[in-house]
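Novice: compute the structure for the input listed below.
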Amino acid sequence: MIKKILGYLSLSVVLAACVTINIYFPAAAAEEAAREIVREVLEQGEPAPEAAPQVDDKQSAVAPAHPPVLMVWGVQLLERLVPEAQAARADINISTPAISALRKSMEARQRQLAPFYRAGAIGFDNRGLVSIRDLNAVALPQRNQLKKLVAEENADRNALYREIARANGHPEWESEVRATFARVWVEEAPRGYWYQDAGGNWRQR
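Specialist: Numbering: from 1, shown residues only. This is a model prediction of the structure:
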């Protein structure tokens, strides 16, 4: 009888552990998703990269036409092992229509915001939003436009964090999604952009 009770208790602990794993915030997957979105948004405000120099045909001809046999074997081995690892890996869905619409809206707005970032008028705050840092860096006729752009950007960002948590079935993840984005915005910011540290002090990349 005691053995049965101990068995049931053990099973309960295992099941509880499984439930905990399933609902635990997938930090690594959330960071990967945040980085994808942030990079796509920020690159819209950066100048187009220069075309790569052309390589002489004679120099490019030295590349082997086929991969070595050992490399092929290595790839085949990885193809067998990777599916098991992927099955155990948590994921974050960022492909819903609502999320896609918010991403497109933010990407389009970045072209207008980029000059203000570079001028130091605005920066990333520690809540994952955009804050006006120095209104004096903006010409008087442009100030109302900047305030409107910042308000629209923050509305989209708040909606994005909320929608990512909701789309993944865990509205309670919103604060963790926001914190992840707040960090990634700063890490991916181009040189010269301003951001707030944890204490609210402005610093420049």
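Novice: which residue ranges form the helices in the chain?
Specialist: Secondary structure of the chain (DSSP state H): helices located at 2-23, 27-42, 57-60, 69-88, 97-119, 143-167, 174-188.
Novice: lowest average confidence across those, which one?
Specialist: Note on the helices of the chain: lowest mean pLDDT is at helix 69-88, with a mean of 43.
Novice: check contacts around the nearest residue to Ala198 once chain neighbours are set aside.
Specialist: Closest residue to Ala198 apart from its sequence neighbours, by C-beta to C-beta, 6 or more residues apart in numbering: Asn126 at 6.0 Å. Any C-beta I mention is one placed from the backbone N, CA and C, and that applies to glycine too. Residues in contact with Asn126 (C-beta atoms under 8 Å, 6 or more residues apart in numbering) are Ala182, Tyr195, Gln196, Asp197, Ala198, Gly200.
Novice: and the last one, what does it touch?
Specialist: Gly200 is in contact with Asn126, counting by C-beta under 8 Å, 6+ apart.
Novice: from Tyr117, how far out is it?
Specialist: From Gly200 over to Tyr117 the distance is 19 Å, taken as C-beta to C-beta, to the nearest Å.
Novice: over to the fifth one?
Specialist: The gap separating Ala198 from Tyr117 is 21 Å, by C-beta to C-beta.
Novice: which of those two has more neighbours?
Specialist: Ranked by neighbour count (other C-beta atoms under 10 Å), Ala198 and Tyr117 place Tyr117 first, with 22 against 7.
Novice: now do the same contact list for that one.
Specialist: Gly45, Gly123, Pro190, Gly192, Tyr193, Trp194.
Novice: as CSV, the residues you listed with pLDDT, neighbour count and distance to Ala28 would be great.
Specialist: CSV is the format used below for the contacts of Tyr117 (pLDDT from 0 to 100; neighbours: other C-beta atoms under 10 Å; distance: C-beta to C-beta, whole Å):
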residue, pLDDT, neighbour count, distance to Ala28
Gly45, 85, 19, 27
Gly123, 98, 23, 27
Pro190, 97, 13, 25
Gly192, 97, 11, 29
Tyr193, 98, 21, 25
Trp194, 98, 22, 28
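Novice: strands - which of those land there?
Specialist: Among those, DSSP state E puts Gly123, Trp194 in strands.
Novice: and the contacts of Tyr117 as a markdown table, adding distance to Leu149?
Specialist: Formatted as a markdown table, the contacts of Tyr117 follow (distance: C-beta to C-beta, whole Å):
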| residue | distance to Leu149 |
| --- | --- |
| Gly45 | 12 |
| Gly123 | 14 |
| Pro190 | 18 |
| Gly192 | 19 |
| Tyr193 | 16 |
| Trp194 | 16 |
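Novice: tell me which of the contacts of Tyr117 is nearest to Leu113?
Specialist: Distance to Leu113 across those (C-beta to C-beta) is lowest for Gly45, with 6.5 Å.
Novice: pretty sure that closest one contacts Arg109?
Specialist: No: applying C-beta atoms under 8 Å, one finds Gly45 not in contact with Arg109, separated by 9.2 Å.
Novice: count the residues that sit near Ser131.
Specialist: There are 17 residues near Ser131, going by other C-beta under 10 Å.
Novice: make that Tyr195, sorry
Specialist: 21.
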